[in-house]
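J.: Kindly generate the corresponding structure for this input.
(one chain, ligands or ions: 2)
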Amino acid sequence: MPTSRFQRGDSVMGRWPGSSLYYEVKVLSFDGASRQYTVVYKDGTELELKEQDIMNISSFQHRSRSRSRSPGRRRSRSRSPARTTRRSSSRSAAAEKAPPSSREAKPKDSGEGCLSPPPQVNKGNGNSSKHEGKDNNAESKRSEADPDRNQTRYNLRRRKEDAAPEAKSGELQQKRSEEVPAASVLVPLDYGGKIGAVFWLLFLPVWVLLVLLQAGLKDPSLTNFPPPLPPLESLWDPHALGLVLLWILFQALLYILPVGKLSDGMPLHSGQRLKYRTNGFFAAAASLAAVAAAVYLGADLTYIHSHFLQLATASFLVSVLLSVFLYTRSRLAAPEELAAGGNSGNVLYDFFKGRELNPRLRGFDLKFFCEMRPGLLGWCLINVGLALAEMKQQGLPAPSCPMVLVIVFQLLYVLDSLWNEEAVLTTMDLLHEGFGFMLAFGDLVWVPFTYSLQAYYLVGHPTSPSTPLLAASVGLQLVGYYIFRKSNSEKNRFRRDPTDPQLAHLKSIPTATGRSLLVSGWWGVVRHPNYLGDLLMALAWSLPCGLSHLLPWHYLIYFSALLLHRGSRITSACMRTYGSAWEEYCRTVPYRIVPGVY
Ligand SMILES: NC(=O)C1=CN([C@@H]2O[C@H](COP(=O)(O)OP(=O)(O)OC[C@H]3O[C@@H](n4cnc5c(N)ncnc54)[C@H](OP(=O)(O)O)[C@@H]3O)[C@@H](O)[C@H]2O)C=CC1
Ligand SMILES: CC(C)=CCC[C@@H](C)[C@H]1CC=C2C3=C(CC[C@@]21C)[C@@]1(C)CC[C@H](O)C(C)(C)[C@@H]1CC3
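T.: Numbering: from 1, shown residues only. Ligands and ions are numbered 1, 2, ... in the order given. Presented below is the predicted three-dimensional model:
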């Protein structure tokens, strides 16, 4: 190899095709004509890499290993990312159980074998877009017709002794779980970075206050925005705080009761799987019984309407205290326990975004609990209180038709998420997000007090929507719910057990991480079919409130923005994790949310 930078036998870092991950490899040969190196990974996988994808080991920052509190968090030297990539077929089953993505890696806690060199890190993120869009339809069709093409793109050659990896997949996964290196992928700052975090920290609470005040106006037209501010002390009510705390503690009690299933979370970076008590439906039933008993004993639920701002303020205080607690305890957490991007070094950004991935108090999972219980069930309770307030205020014998539709639709949404609580364990927040102010505030304030805006609006603003509008609303809810549930369950089932016989008809693309990407079924229609269903439902919740004001459309507008942003974050993160396999997915499934449109 006269003109090559590296010689046969040299240990170098080789970039995994299409990703920003580098693994330690040994040079086998160099082809001067194509300027490609043939390299071999530690597990024997051979791969041809372009010259520019090979780097000197010394150019990588091997940061010092951090302390680890858990024996499960051992890192070892890299095996090939292809280790569990087996075949491209409708199933890449065994591989699916490999440990989670590099997205959970911590920049300051690099493993030894799989690294991203600082200069390259962000380059990979933008790659996907060039493959997206209508122009790739022809390519997409070819891919769909022949999914095996995906595998050949990686140009893998396996050593003879690895030729039948399926036979020992169980053992292999076990090893991978223990040995997976921490890929040191630097995650770009989100939400506008440090300045953005400060902005959101101030803006979100103020926005909730303004929106709620606006909804209380007799004429909540845009011309009357912003509404006059009340004296700040009127927002504070210790009784409201007591009720909020009582509600949260009651939900916590239900959560810890040894009732219902203990579900496995997805494998963590260490390979460990956390257990989650998924008794959400039981909690809903018990809450209903408790509220019914309270009403029977004389509790007046219209208090919720008359003290809406005070209850929201109390919840806000709880969310701030919780965020401070989460941030403080995260300073004591081992780096392995932090979410990717949860350690920017900027206090306000980290406080906002959240540092720790799965903060737990003796098995009590704070993130899962807050996301699924007090806020979601609180939203339903608030809706019931608002329906009673509507009857009282408007002198109705029963809630109005729009009110019934809105609260029944939303109740269905919440009960469905609690019935399928296990599926939440494969969503983005549970898998990748740190728990900080954004989620604490989102779960405890934003969800219960802004998601109930339609009902709050209807209390003071009676509407009489036409029958076709109401029918459209019911239709959208049913169709949206069907798409939402089917797609979420399909992905959850696939992530949990890719060999599930019910998914045998589906095609998937294997990826370098060992997990596969669904490329047919719901996830072959668009890349975020669950968002499509969710958005249709959001539309169904606003329609019964009519078109006179923007307020009842607040959820749809915010939610569209949230999902567009989430979609792009998922794209960037999956691009970092899955590299060219994700590009292949984007080519095969060119549309994101609305087939043929976006
Ligand atoms: N009502 C509300 O306020 C909100 C509702 N939602 C809803 O929550 C649900 C979950 O949303 P969200 O967590 O954002 O996103 P997803 O549930 O879609 O989770 C994204 C993850 O799914 C995995 N994934 C993506 N594509 C594929 C594929 N083709 N095959 C297999 N796995 C794939 C990836 O994880 P990996 O590969 O790492 O496993 C990806 O990071 C949605 O229905 C959404 O509408 C979300 C936010 C707010
Ligand atoms: C503006 C702001 C503070 C945003 C924070 C975002 C959070 C409000 C949302 C992030 C993901 C969420 C999910 C749900 C509620 C809203 C938040 C917390 C969810 C629990 C709603 C019910 C669904 O069925 C769901 C379980 C799929 C969903 C999960 C994501």
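J.: ok, residues contacting the helix or strand hosting residue 198?
T.: Per DSSP states H and E: residue 198 is located in helix 193-215. Residues from elsewhere that reach helix 193-215 (C-beta atoms under 8 Å, 6 or more residues apart in numbering): 189-192, 220, 224-230, 235, 308-309, 312, 316, 344, 346, 348-349, 351-353, 437-438, 441, 445-446, 449-450, 453, 456-457, 460, 551, 554. For the C-beta atoms, the positions are set from N, CA and C on the backbone; glycine is no exception.
J.: and ligand 2, which of the residues you listed reach it?
T.: Among the contacts of helix 193-215, the residues within reach of ligand 2 (C-beta under 6 Å from any ligand atom) are 438, 441, 446.
J.: Give me the neighbour count for residue 25.
T.: 27 (other C-beta atoms under 10 Å).
J.: hang on, the earlier thing: ChimeraX command for the buried members of the contacts of helix 193-215?
T.: Those of those that count as buried under 16 or more other C-beta atoms under 10 Å are selected in ChimeraX with:
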select :189,190,191,220,227,235,308,309,312,316,344,346,348,349,351,352,353,437,438,441,445,446,449,450,453,456,457,460,551,554
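J.: quick one, strands of the stretch 351-500 of the chain?
T.: Taking DSSP state E, counting those that start in this stretch as the test, the strands found in the stretch 351-500 of the chain are 360-361, 364-365.
J.: ok, the following helix or strand past the helix holding residue 198 near ligand 2 or not?
T.: Next in sequence after helix 193-215, counting helices and strands by DSSP H and E, comes helix 238-256. No. With C-beta under 6 Å from any ligand atom as the criterion, ligand 2 is not reached by helix 238-256; the gap is at least 13.8 Å.
J.: Quick check, pLDDT for the residue of the stretch 51-200 of the chain found nearest ligand 2.
T.: As assessed by C-beta to the nearest ligand atom, ligand 2 sits closest to residue 200 within the stretch 51-200 of the chain, at 7.7 Å. For residue 200, the model assigns a pLDDT of 97.
J.: same question, residue 2
T.: 51.
J.: So which bits of the chain are right by ligand 1?
T.: 101, 427-429, 431, 484, 488, 491, 494-495, 515, 517-518, 523, 528, 530-531, 534, 562, 566, 570, 573-574.
J.: From the contacts of helix 193-215, which land in helices?
T.: 308-309, 312, 316, 348-349, 351-353, 437-438, 441, 449-450, 453, 456-457, 460, 554 (DSSP state H).
J.: The residue in the stretch 151-300 of the chain positioned nearest to ligand 2: how many residues sit nearby?
T.: Nearest residue of the stretch 151-300 of the chain to ligand 2, counting by C-beta to the nearest ligand atom: residue 204, 5.4 Å away. For residue 204, the count of nearby residues is 19 (other C-beta under 10 Å).
J.: Tell me how far it lies from residue 465.
T.: Per C-beta to C-beta, to the nearest Å, residue 204 is found 31 Å from residue 465.
J.: Now the residue of the stretch 251-400 of the chain found nearest ligand 1: phi and psi?
T.: Taking C-beta to the nearest ligand atom, ligand 1 has its nearest neighbour within the stretch 251-400 of the chain at residue 266, 6.8 Å off. Torsion angles at residue 266 (phi, psi; degrees, to the nearest 10) stand at phi -70, psi 150.
J.: next one: residue 37
T.: Dihedral angles for residue 37 - degrees, to the nearest 10 - are phi -100, psi 140.
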